[in-house]
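Engineer: sequence unknown, structure follows:
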């Protein structure tokens, strides 16, 4: 595919890699390819299908569209713009998008190793796609893609491509509480307070690119063994032509001579047609570890080479780091660490705004950002890797507990893990939050068993992460063993004496009458400093539901006092609620548009180099 340098929608990924902070056009994924791509963002034809007649009437063959809409952008924005309506849809929405694009000029000699791939950065909740009237099937074999937070791709057969191509997209969403929604409203939780307007549909970029028929997919899992200077890479092969292949890995340190690899190895494989995951291990001599103080990254070049010596290549950054819960403390790279965290709900923020927020949260003194119950532009993970901010991520939750919601939850988790397992910044995953989608956790053994099984799976398949079963309260115990790497509590009060009382009770091991519900359900659990204690939500000063001062100066003073009480007790971390205002939650510490701090810099840092814990264990910041 020939790139046109002066056209905003064309680009050579490898040559643009160093501009990833700036990126109006960067592809939202961790992995880059030395290939050409063309963004399909921009103005699309648009129609609302109120009667859901589009499929029966074959709109994918021919339809007169009555509106236009800019992709990316939410369905809600597009309907509101078209209908001038504040409430764009009620129970269910079906919309159609269509645009034409010219097939990019091919090289004079056609590359028999190449094919074209269409990728949606995210779209949903249910997405169907046609090209020139032909229905497309995702690489995973889906005629309808379900989910709205992660990317999905289609391989485009040459027989359906034309010099001018017509791409048609049908999107359907509803208030179904079994859908992984996060904090978007549903039939169960209606908009208002901490529940937000839906923001669904055409939410991220679309692009076409050339990829190889036999290649490594754009997903790389990274697990470090820092004691041995080893990195385990989980790669995914996509094969059209079965046979003998080699995987060649090269690792470069861009802070030294980046033309010479510091480590390389090769691995022979016999591969069948289809998709396969494969772990390969590489030793990095004298490896420099990734940390918040020194976020050192290496560059991986991975090649899949066939018998004719044709090489298909991907490239990504990675870092070596280890996170561990030992007793009541947390350790990063075998050094104790206290988590000075903040809750972050980016909502509909652009990547440029998210970037400003990330730098501002670091300026606040945070070494951890908890991305709360949301799917987010994946470029945030690359930025956190670069600037040295730890991340706590969460699966967007369904809103009711059922077999269907658990299936949706599991699928969303697996999609997220496949696509963001590369990043050293991500250290903690929450499966659920405050029982959302698991309201019967205390009474339903099936709900608890699903969470237990998922926790055990994460421990085995993704040992690079800590896992929280149900953040805030009602953690699961089985045979006295907590099925969470952290014991977390959400404590909301603006009264300082009550705050001291709650912190005393929690640090002494009280499990009842501390948070809104008991901290542990299932079999009895006896704390006894077995796991780290984290106050994973507190404050929220200024939001009507939580109380506290709305004046920034008074708010900062109260935060200092509350942080001092946390410092006086043996906690492993805390997370203030929250970074920015969002809809009715007016409790942000920084401006959502500009990223400017409304409170003093360093406010959320412990403001001490070390805190003495019981047993003379010191914690670094």
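Structural biologist: Perfect, I can see it now. Please read all numbers here as calculations on a predicted model, not as lab measurements.

Engineer: now do the helix or strand encompassing residue 46: which elements does it pack against?
Structural biologist: Using DSSP states H and E, residue 46 maps to strand 42-48. Contacting strand 42-48 under the criterion 3 or more CB pairs under 8 Å, 6 or more residues apart in numbering; DSSP states H and E are the following elements: strand 67-71, helix 75-83, strand 92-102. Just so you know, the C-beta spots here come from the backbone N, C-alpha and C atoms, and that holds for glycine as well.

Engineer: and those: which comes nearest residue 496?
Structural biologist: Among the helices and strands packed on strand 42-48, the nearest to residue 496 by CB to CB is helix 75-83 (40.9 Å).

Engineer: about what we covered before: in JSON lines: the helices and strands packed on strand 42-48, plus distance to residue 335 and mean neighbour count.
Structural biologist: Below are these laid out as JSON lines (distance: least, CB to CB, whole Å; neighbours: other CB atoms under 10 Å):
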{"stretch": "strand 67-71", "distance to residue 335": "46", "mean neighbour count": "18"}
{"stretch": "helix 75-83", "distance to residue 335": "46", "mean neighbour count": "19"}
{"stretch": "strand 92-102", "distance to residue 335": "50", "mean neighbour count": "18"}
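
Engineer: before we move on, the earlier item: quick one: contacts of the strand holding residue 46?
Structural biologist: Under the contact criterion CB atoms under 8 Å, 6 or more residues apart in numbering, strand 42-48 has outside partners 9, 54, 59, 63, 65-71, 78-79, 82-83, 93-99, 202.

Engineer: so what strands line up beside that strand?
Structural biologist: strand 67-71 (antiparallel), strand 92-102 (antiparallel) (DSSP bridges).

Engineer: could those strands go into a markdown table alongside distance to residue 299 and mean pLDDT?
Structural biologist: Below are these laid out as a markdown table (distance: least, CB to CB, whole Å; pLDDT from 0 to 100):
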| stretch | distance to residue 299 | mean pLDDT |
| --- | --- | --- |
| strand 67-71 | 32 | 95 |
| strand 92-102 | 32 | 96 |
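
Engineer: adding distance to residue 165, write the ones you listed out as TSV.
Structural biologist: Formatted as TSV, the strands paired with strand 42-48 follow (distance: least, CB to CB, whole Å):
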stretch	distance to residue 165
strand 67-71	16
strand 92-102	6
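
Engineer: indicate which one of the ones you listed is closest to residue 249.
Structural biologist: strand 92-102 (35.4 Å).

Engineer: which ones are touching residue 440?
Structural biologist: By CB under 8 Å, 6+ apart, the contact list for residue 440 reads 401, 447.

Engineer: where do the helices sit along the chain?
Structural biologist: Taking DSSP state H to define them, one finds helices in the chain at 13-16, 75-83, 351-363, 379-387, 403-420, 445-461, 496-507, 552-567.

Engineer: can you tell me which of the ones you listed is most buried?
Structural biologist: helix 379-387 (a mean of 21; mean count of other CB atoms under 10 Å).

Engineer: against which helices or strands is it packed?
Structural biologist: helix 351-363, strand 390-394.

Engineer: average pLDDT across that helix?
Structural biologist: The pLDDT scores in helix 379-387 average 95.

Engineer: give me the residues contacting it.
Structural biologist: Contacts of helix 379-387 (CB under 8 Å, 6+ apart): 20-21, 23, 26, 28, 30, 290, 295, 297, 317, 319, 346, 351, 354-355, 358-359, 362, 369, 371, 390-391, 420, 422-426.

Engineer: PyMOL command for the buried members of those?
Structural biologist: Applying 16 or more other CB atoms under 10 Å to the contacts of helix 379-387, the buried members can be selected in PyMOL as follows:
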select buried, resi 23+26+28+30+290+295+297+317+319+346+351+354+355+358+362+369+371+390+391+420+422+423+424+425+426
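
Engineer: for residue 63, what are its contacts?
Structural biologist: 47, 54, 57, 96, 98.

Engineer: which pair in those residues spans the largest distance?
Structural biologist: 57 and 98 (14.0 Å).

Engineer: my guess is residue 36 contacts residue 209, does it?
Structural biologist: Yes - using CB atoms under 8 Å, residue 36 is in contact with residue 209, at 6.7 Å.

Engineer: those two: who's more crowded?
Structural biologist: residue 209 (22 against 18; other CB atoms under 10 Å).

Engineer: low-confidence bits of the stretch 101-250 of the chain, can you list those?
Structural biologist: Residues of the stretch 101-250 of the chain that meet the criterion pLDDT under 70 lie in 106-110.

Engineer: what segments of it are strands?
Structural biologist: Assigned by DSSP state E, counting those that start in this stretch, the strands in the stretch 101-250 of the chain fall at 114-120, 126-131, 134-135, 145-146, 152-156, 164-174, 206-212, 215-225, 230-239, 243-252.

Engineer: ok, residues contacting the last one?
Structural biologist: This means strand 243-252. Applying CB under 8 Å, 6+ apart, the external contacts of strand 243-252 come out as 214, 216, 231, 233, 235, 237, 239, 258-271, 278, 280, 282, 284, 298-307, 311.

Engineer: please redo it, this time with the cut-off set to 6 Å
Structural biologist: Strand 243-252 has contacts (CB atoms under 6 Å, 6 or more residues apart in numbering) with 258, 261-271, 280, 282, 298-307.

Engineer: how far does it sit from its chain's centre?
Structural biologist: Counting by CA atoms, centre = their mean, to the nearest Å, strand 243-252 is centred 28 Å from the centre of its parent chain.

Engineer: let's have the contacts of residue 63 in CSV, adding distance to residue 486.
Structural biologist: Listed next are these as CSV, based on distance: CB to CB, whole Å:
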residue, distance to residue 486
47, 48
54, 47
57, 53
96, 45
98, 47
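
Engineer: just the closest of the residues you listed to residue 446, please.
Structural biologist: Among those, and counting by CB to CB, the member closest to residue 446 is residue 54, at 37.5 Å.

Engineer: so which of the strands of the stretch 101-250 of the chain gets nearest residue 600?
Structural biologist: strand 215-225 (35.7 Å).

Engineer: quick one: residues in contact with that closest one.
Structural biologist: Contacts of strand 215-225 (CB under 6 Å, 6+ apart): 29, 31, 231-232, 234-236, 238, 302, 304, 312, 314, 316, 318, 320-321, 418-419, 421-422, 464.
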